[in-house]
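Engineer: What shape does this take:
(one chain, ligands or ions: 3)
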Amino acid sequence: MFSPADLSNRLVLAIPKKGRLYEKSLQLLAGADIQFYRKNRLDIALSTNLDVALVFLPASDIPKFVSDGTVDLGITGQDVVKEARADVDEVLALGFGQCDLCIQVPEASGITDPKHLVGKRIVTSFENIAGEYFAELDKQQAATKETTVSFVSGSVEAACALGLADAIVDLVESGETMRAAGLQRIHTLVSSQAVLIANKRRLHPELAAKITSRIRGVILAGKYVYCNYNVPRSKIDEAFKVTPGRKAPTVAPLENGDWVAVSVMVKKSEVAEKMDRLEELGATDILVFSISNCRE
Ligand SMILES: Nc1ncnc2c1ncn2[C@@H]1O[C@H](COP(=O)(O)OP(=O)(O)OP(=O)(O)O)[C@@H](O)[C@H]1O
Ligand SMILES: O=P(O)(O)OC[C@H]1O[C@H](OP(=O)(O)OP(=O)(O)O)[C@H](O)[C@@H]1O
Ligand SMILES: [Mg+2]
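Structural biologist: Ligands and ions are numbered 1, 2, ... in the order given. Model prediction:
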């Protein structure tokens with residue numbers, strides 16, 4: 001059991017307790033060396049190496065707790081930050097949990113434009129975002145009958161089949177859930193990814209900055225690999241065009257005169273193509289290493 005006194009001098013960091021963001025959030029904590037011991041069934045854990053308390057919460061509750069200061073920092077989705085209308089700082093986009101909040105209709109409905117939904121029934125977990133959008137559409141279309149937006153907390157895709165809705169507003173990533181339910185998207189309301197959010201009146205500014213910087217390093221490291229190769233000195237300019245690096249490549253002379261060794265960061269997504277081009281140029285001993293952490 002913890003009491004507020006146990007947390008009073010610690011920065012409180014909220015992590016999604018389950019769902020799509022959970023595993024990646026734990027990986028970020030590990031990469032940032034925020035160590036903790038979490039007792040079975042407990043949603044609060046104290047870090048064993050930093051003055052941080054971790055609190056495991058539903059992703060959709062995190063924006064509210066960060067905005068009211070119960071929690072100092074949190075990892076959650078931009079979609080739920082917007083839905084909660086939370087007044088928080090979005091400190092860092094985290095590059096996972098990408099999904100779109102979309103209006104979806106039954107494939108057989110023939111509906112292709114949100115305007116066709118004016119006066120009809122919408123079901124969603126995102127009442128505020130959907131409500132605002134359809135209220136505006138009703139106004140634009142001078143609707144005689146208001147579009148209704150009703151809340152369900154999950155399994156939103158079942159609402160049309162159950163006869164509860166003419167359309168839904170829900171998240172789409174691969175589209176598998178949508179297609180399985182015989183739905184198609186006709187409009188995207190929000191594009192989202194996971195973000196690190198912070199309370200605006202930060203109580204632990206230095207520690208918050210340190211954690212942010214560590215997490216930024218982990219994310220950056222995940223996007224890049226470290227590449228080493230040998231190339232004839234005469235080909236350096238061409239090689240630099242292929243691998244310009246984040247600032248500039250590091251070059252060291254080889255003992256045998258006309259060759260140099262180049263070390264450089266390369267985007268993971270581009271590395272195979274860059275290796276092909278370096279090989280064509282006459283580079284040899286092209287080695288690629290993963291980066292476990294880095295700072296800009
Ligand atoms: N299919 C998805 N792909 C990527 N990110 C997603 C997906 N679904 C949801 N998210 C992101 O994860 C956040 C949390 O949603 P998620 O559904 O994982 O939580 P939950 O509903 O609390 O958990 P569960 O669905 O296990 O009950 C969403 O606000 C969104 O930002
Ligand atoms: O486009 P896809 O890759 O199929 O992903 C989209 C689905 O993922 C989320 O559901 P989740 O699995 O979290 O279940 P839930 O509906 O119970 O929240 C979201 O609510 C969609 O239903
Ligand atoms: Mg879910």
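Engineer: Tell me which helix or strand comes right after the helix or strand bottoming out on mean pLDDT in the chain.
Structural biologist: Counting by mean pLDDT, DSSP states H and E, the chain has its least confident helix or strand at helix 4-7, which shows a mean of 84. Using DSSP states H and E, the helix or strand that directly follows helix 4-7 along the chain is strand 11-16.
Engineer: got the contact list for that following strand?
Structural biologist: 22, 25-26, 29, 34, 50-59, 62, 65-66, 70-76, 203-204, 207-208, 211 (CB atoms under 8 Å, 6 or more residues apart in numbering). In this view, the C-beta of every residue, glycine as well, is placed from N, C-alpha and C.
Engineer: What's opposite the residue nearest the centre of the chain in the beta bridge?
Structural biologist: Nearest to the geometric centre of the chain sits residue 194, at 2.5 Å (CA atoms, centre = their mean). In this entry, residue 194 is beta-bridged to residue 77, by DSSP bridges.
Engineer: and what of the one 4 residues further on?
Structural biologist: Note on residue 198: beta-bridge partners residue 73, residue 89, judged by DSSP bridges.
Engineer: Give the burial count for it, as a bare number.
Structural biologist: When neighbours are counted by other CB atoms under 10 Å, residue 198 registers 23.
Engineer: What pLDDT is listed against it?
Structural biologist: pLDDT recorded at residue 198 is 98.
Engineer: Contact partners for it?
Structural biologist: Counting by CB under 8 Å, 6+ apart, residue 198 has contacts 66, 72, 73, 74, 88, 89, 91, 208, 212.
Engineer: Could you dump the residues you listed into JSON lines with distance to residue 147, pLDDT and neighbour count added?
Structural biologist: Shown next, in JSON lines, are the contacts of residue 198 (distance: CB to CB, whole Å; pLDDT from 0 to 100; neighbours: other CB atoms under 10 Å):
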{"residue": "66", "distance to residue 147": "31", "pLDDT": "98", "neighbour count": "29"}
{"residue": "72", "distance to residue 147": "39", "pLDDT": "97", "neighbour count": "25"}
{"residue": "73", "distance to residue 147": "37", "pLDDT": "98", "neighbour count": "27"}
{"residue": "74", "distance to residue 147": "32", "pLDDT": "98", "neighbour count": "31"}
{"residue": "88", "distance to residue 147": "29", "pLDDT": "98", "neighbour count": "23"}
{"residue": "89", "distance to residue 147": "33", "pLDDT": "98", "neighbour count": "16"}
{"residue": "91", "distance to residue 147": "35", "pLDDT": "97", "neighbour count": "19"}
{"residue": "208", "distance to residue 147": "41", "pLDDT": "97", "neighbour count": "21"}
{"residue": "212", "distance to residue 147": "41", "pLDDT": "97", "neighbour count": "16"}
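Engineer: can you tell me how far the nearest residue to residue 22 once chain neighbours are set aside sits from residue 107?
Structural biologist: Spatially, and ignoring its direct neighbours in sequence, residue 22 is nearest to residue 16 (5.2 Å; CB to CB, 6 or more residues apart in numbering). Distance from residue 16 to residue 107, counting by CB to CB, to the nearest Å: 32 Å.
Engineer: who has more neighbours, these two?
Structural biologist: Neighbours per residue, other CB under 10 Å: of residue 16 and residue 107, the larger number sits with residue 16, 26 against 13.
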